[in-house]
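In: predicted model and sequence below, questions to follow.
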Amino acid sequence: MFDELIEKEKNNILDTLSELIKIPSVSIEQNIDNAPFGEDCKKALDYILSVGNDLGFKTKNIDDYCGYIEFGEGSELVGIIGHLDVVPASKDDGWTFNPFSPTIKEGKLFGRGSIDDKGPVVAALYAMKAIKDSFKVSKRVRLILGLNEEKDWKCIDYYKMNEEWPSIGFSPDANFPAIYAEKGILSIELKNDLKIKNFEILDINSNNNALNVVPKYCSITLKSLNNSNLVSSLESTENIKISNVNSSTIKIEAFGIASHAAHPELGKNAISILVKFLLDNFEFDSKYLNTLYEIGLFDITSPKFLSENKLEDESGILTSNVSYLEYKNCKLIIKINLRVPVSIKLSDIILKYELLKKDFNNLEVKKISSQEPLYVDKESYLVKTLVNIFNRKTGLNESPIAIGGGTYARAFKNFISYGATMPGDKDMCHQVDEFIEIDKLILSSKIYAEAIYELAK
């Protein structure tokens with residue numbers, strides 16, 4: 001019904017997305033009135049709102065925390081919620097291309113944000129245009145644009161405090177055919193004393209890695225207190241590089257592969273690599289780190305100290321990502337990001353970490369953040385309608401799925417996440433050389449047009 005209209009907009013879709021990718025909109029929280037998440041996030045919001053204005057939509061900048069693009073009439077509000085912020089990226093990470101210089105090659109558009117979430121946002125915007133220009137709807141349709149999704153969701157919290165809540169809708173920020181369940185998300189911090197015999201720990205650095213990313217780098221700098229021969233006898237391995245800072249000081253670097261914390265199996269955790277190397281080659285003043293390793297704290301699925309049995313249900317297995325390592329005032333700080341199956345209470349998992357205090361003197365345990373799981377019945381109108389539209393547009397026969405990622409869909413009731421990663425495709429979110437296939441970007445826009453029209457007609 002809308003396919004021809006969207007095909008005509010193909011070049012505009014690519015141009016709009018390319019301009020958005022050029023803006024390195026990594027969310028940086030700061031106390032600046034007109035740019036609470038940094039100047040680049042503000043530029044991204046201003047740009048897409050200007051595109052919305054040019055396309056004839058009603059737009060609003062909500063105090064630079066977020067914004068929206070809207071059309072239609074009526075008392076009921078249909079929502080599409082996406083985000084314009086991205087995770088950090090640089091050419092040094094191993095990108096083939098500059099991550100903020102959009103590049104088209106072999107039918108793919110490469111660039112940070114192309115699939116998460118700028119590409120799907122642009123696809124939804126032009127889907128709205130196709131409807132606005134050709135049909136009348138009985139409800140208002142609002143594309144809500146966040147700027148802090150990759151961190152603390154302060155943008156959507158601000159929206160919910162100040163603006164109207166949609167009654168139904170979706171977030172174009174995950175997978176097709178539709179996501180009916182999203183695991184709970186829990187971030188935990190552990191802090192305890194740590195000393196290595198005969199060595200002074202000068203620094204531990206995980207590059208301020210984001211909690212929702214499998215760390216690709218971690219290093220430790222050690223100074224020998226007795227000119228130990230161990231300093232010179234250590235050798236670099238495939239994932240470990242050892243360099244002499246001076247005659248008594250060494251730096252040990254671990255290299256992994258980054259991936260989204262919802263899929264830790266797709267990455268290789270540099271922190272875990274470094275910890276294993278240290279345990280194999282050094283002696284510690286306490287059994288703290290050894291014990292954490294033995295009880296499974298660094299395991300990526302269902303760490304054994306949490307339960308004798310696997311923690312798993314229809315939404316998948318519990319996964320754990322040790323995201324961050326730091327050393328301050330002789331204390332090791334470990335931050336962990338968990339994706340918890342929908343049937344398991346987050347409070348029960350927190351209690352398991354609290355119980356570790358019994359085994360370690362001076363251990364501090366703190367909950368950093370949490371998000372309750374999302375679950376919408378697979379037989380609901382919303383899920384069945386969106387899945388049917390996807391299958392009709394693609395000729396497939398897919399069923400709704402559950403994921404470990406967390407999307408804006410859980411911000412409102414009667415919301416699910418919907419695309420734009422296609423069934424069977426590799427999840428490129430947070431990955432080096434992130435891309436979206438151009439044909440699938442346009443197909444996504446066509447699917448979104450049918451879905452938005454069905455919800456709003």
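Out: Cool, the structure landed.
In: the lengthiest helix in the chain: which residues count as buried?
Out: Criterion DSSP state H: the longest helix present in the chain is helix 438-456. Judged by neighbour count (16 or more other CB atoms under 10 Å), helix 438-456 contains these buried residues: 438, 440-453, 455-456. The C-beta positions use only the backbone N, C-alpha and C, and glycine is treated the same way.
In: is it true that Met422 touches Lys440?
Out: Yes. Look at Met422 against Lys440 with CB atoms under 8 Å: they come within range, at 5.7 Å.
In: sticking with Leu145, tell me its helix or strand.
Out: strand 140-146 (DSSP states H and E).
In: who does that strand pair up with?
Out: Its sheet considered, strand 140-146 pairs with strand 66-72 (antiparallel), strand 77-83 (parallel) by DSSP bridges.
In: restricting to C-alpha, output the last one in PDB.
Out: It stands for strand 77-83. In PDB, the C-alpha atoms belonging to strand 77-83 read as follows (Å, rounded to 0.1, in the frame of the first residue of the first chain):
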ATOM      1  CA  LEU A  77      -1.700   8.800  20.800                       C
ATOM      2  CA  VAL A  78       0.300   6.000  19.000                       C
ATOM      3  CA  GLY A  79       4.000   6.100  19.800                       C
ATOM      4  CA  ILE A  80       7.200   5.100  18.000                       C
ATOM      5  CA  ILE A  81      10.200   5.500  20.300                       C
ATOM      6  CA  GLY A  82      13.800   5.500  19.000                       C
ATOM      7  CA  HIS A  83      17.100   7.000  20.100                       C
END
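In: that one versus helix 438-456: what angle between them?
Out: Here the directions of strand 77-83 and helix 438-456 differ by 150 degrees (axes from the mean of the first three to the mean of the last three CA atoms, to 10 degrees).
In: now do the residue lying closest to Leu332 once chain neighbours are set aside against Ile204, distance only.
Out: In this structure, Leu332 finds its nearest non-sequential neighbour in Leu194, 3.9 Å apart by CB to CB, 6 or more residues apart in numbering. Between Leu194 and Ile204 the computed distance is 9 Å (CB to CB, to the nearest Å).
In: overlap of the contact sets of those two?
Out: Common neighbours of Leu194 and Ile204, using CB atoms under 8 Å, 6 or more residues apart in numbering, are 327, 332.
In: beta partners of Glu253?
Out: Under the criterion used (DSSP bridges), Glu253 bridges to Ser219, Lys241.
In: so it is in contact with Lys216, correct?
Out: No. When contacts are counted by CB under 8 Å, Glu253 is not listed as touching Lys216 (11.1 Å).
In: higher neighbour count, the two?
Out: Lys216 (22 against 19; other CB atoms under 10 Å).
In: quick one, strands of the stretch 1-150 of the chain?
Out: 58-62, 66-72, 77-83, 103-105, 108-110, 140-146 (DSSP state E, counting those that start in this stretch).
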